[in-house]
Structures are given as C-alpha cells and as structure tokens.
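pasted the sequence and its predicted model underneath.
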Amino acid sequence: MASKISHIPAVVSSPALIAALLSFSIAQIAKVFTHYHATGKVDYARIVGSGGMPSSHTALVVGLCTSIGLKEGMQSSIFALCLVFSLVVMYDATGVRLHAGRQAEVLNQLIVELPRDHPLTDSRPLRDTLGHTPIQVVVGAILGMSVAYAHFVYWMSTYSL
C-alpha cells in the first residue's frame with residue numbers, strides 16, 4: 001500500500017480521516033438543502049453553521065468510528081475509544097447543546113420584549129442553533145456509517161489494504 005500512495009502525506013492518506021471529513025462535509029452541504037426544504041429559503045451560511053439536519057458532528061465521529069471499526073476490527077481498543085467518543089458527542093448534541101440553543105431562543109425573545117431604553121436592547125441575538133434533535137443525530141449517524149462504509153469499500157478495491 002505504501003508504494004502506491006507514498007507521495008501523499010500520511011495524515012491525508014488516512015482512510016479513517018478521509019471518511020470522517022467526507023462525512024462531515026456531506027452533512028454540512030446537506031444542511032443547505034434540508035433548511036430549504038423546511039423553510040423554503042436558501043441559506044448558504046448553513047454550510048458553516050452548527051445545528052440543523054443532519055448532525056455533522058455526529059456524521060464526523062461516526063464516520064471515523066465506522067472506518068476504524070472496519071479497518072482495525074470491532075474488538076480493537078481504538079474502535080472502543082472511538083465508539084465512546086462518538087456516544088459522548090451524540091449525547092452532548094441532543095442534551096447540553098440542544099438545551100443551550102433553546103435557552104438562547106427564550107433569551108432572545110425576552111430581549112426583544114424589553115423597553116427601548118433598556119441597556120440590553122442593543123445586544124446581538126444569541127445563536128440558537130447549537131444542538132440537535134434526536135432524529136438529526138440519528139440521520140447524522142446513518143450518514144457517517146454509510147459514507148465510511150462506501151469509502152472503505154472503495155479504499156479496499158483501490159489500495160488492497
């Protein structure tokens with residue numbers, strides 16, 4: 001394998017890293033389309049934003065985890081580490097970050113309702129698209145697994161790992 005791709009820096013030629021970054025990128029691009037479907041508005045800022053459908057953080061960690069599991073085996077310690085890491089990220093997305101976003105929505109509404117002379121009326125709105133609903137996380141996980149599997153099959157057929 002090394003002779004076929006020796007001209008590529010090692011970190012860039014990592015199948016797990018490529019699968020993870022590809023999963024993340026596809027999820028971020030998909031957010032433009034899912035946002036359009038939900039609102040009827042095209043918002044290219046969704047490509048770099050957090051929150052929304054699907055969860056790109058979940059796609060990233062599950063893509064990494066799946067790729068490592070396929071290459072190293074499900075019994076490997078590195079797969080176990082990735083799995084635990086993925087579960088923490090998914091829990092955080094649907095727990096802490098989701099509720100922080102909901103709190104930001106409430107605070108933004110309260111600021112709008114303040115009297116005009118209140119010092120907080122000039123404050124910028126808080127970002128309220130921080131977390132994910134469980135379905136957004138599940139779709140991100142499915143996307144990550146699918147991309148990692150497809151990339152693994154491609155990698156195996158091309159480089160004969």
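Done, it's in.

domains of the protein?
Domain ranges of the chain: 2-86+135-159, 96-130, per automatic domain parsing.

most tightly packed of those?
Highest mean neighbour count among these (mean count of other CB atoms under 10 Å): domain 2-86+135-159, with a mean of 18. In short, each C-beta sits where N, CA and C put it, glycine included.

so which elements touch the particular helix or strand that has residue 90 in it?
Using DSSP states H and E, residue 90 sits in helix 77-94. Using 3 or more CB pairs under 8 Å, 6 or more residues apart in numbering; DSSP states H and E, the elements in contact with helix 77-94 are helix 56-72, helix 134-159.

quick revisit: how about JSON lines for the domains of the chain, with mean pLDDT added?
Converted to JSON lines, those look like this (pLDDT from 0 to 100):
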{"stretch": "domain 2-86+135-159", "mean pLDDT": "87"}
{"stretch": "domain 96-130", "mean pLDDT": "69"}
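
which element is the residue lying farthest from the centre of the chain on?
Using CA atoms, centre = their mean, the residue of the chain lying farthest from its centre is residue 117. It sits 40.6 Å away. For residue 117, there is no helix or strand it lies in under DSSP H and E.

please report how far the nearest residue to residue 83 once chain neighbours are set aside lies from residue 46.
Spatially, and ignoring its direct neighbours in sequence, residue 83 is nearest to residue 65 (5.5 Å; CB to CB, 6 or more residues apart in numbering). Distance of residue 65 to residue 46, computed by CB to CB, to the nearest Å: 25 Å.

ok, now residue 77?
37 Å.

for the helix or strand harbouring residue 31, packing partners?
Per DSSP H and E, residue 31 falls inside helix 15-39. Here helix 15-39 touches helix 56-72, helix 134-159, going by 3+ CB pairs under 8 Å, 6+ apart.

CA atoms of the first one as CSV?
Extracted as CSV, the C-alpha positions of helix 56-72 are listed here (Å, rounded to 0.1, in the frame of the first residue of the first chain):
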residue,chain,number,x,y,z
SER,A,56,-22.4,17.0,11.0
HIS,A,57,-20.6,16.4,14.3
THR,A,58,-22.3,13.1,14.6
ALA,A,59,-21.5,12.2,11.0
LEU,A,60,-17.9,13.1,11.6
VAL,A,61,-17.4,11.0,14.7
VAL,A,62,-19.5,8.0,13.5
GLY,A,63,-17.7,8.1,10.1
LEU,A,64,-14.4,8.0,12.0
CYS,A,65,-15.6,5.2,14.3
THR,A,66,-17.1,3.1,11.5
SER,A,67,-14.0,3.4,9.4
ILE,A,68,-11.7,2.4,12.3
GLY,A,69,-14.0,-0.5,13.1
LEU,A,70,-13.9,-1.7,9.6
LYS,A,71,-10.2,-1.4,9.3
GLU,A,72,-9.0,-2.3,12.8
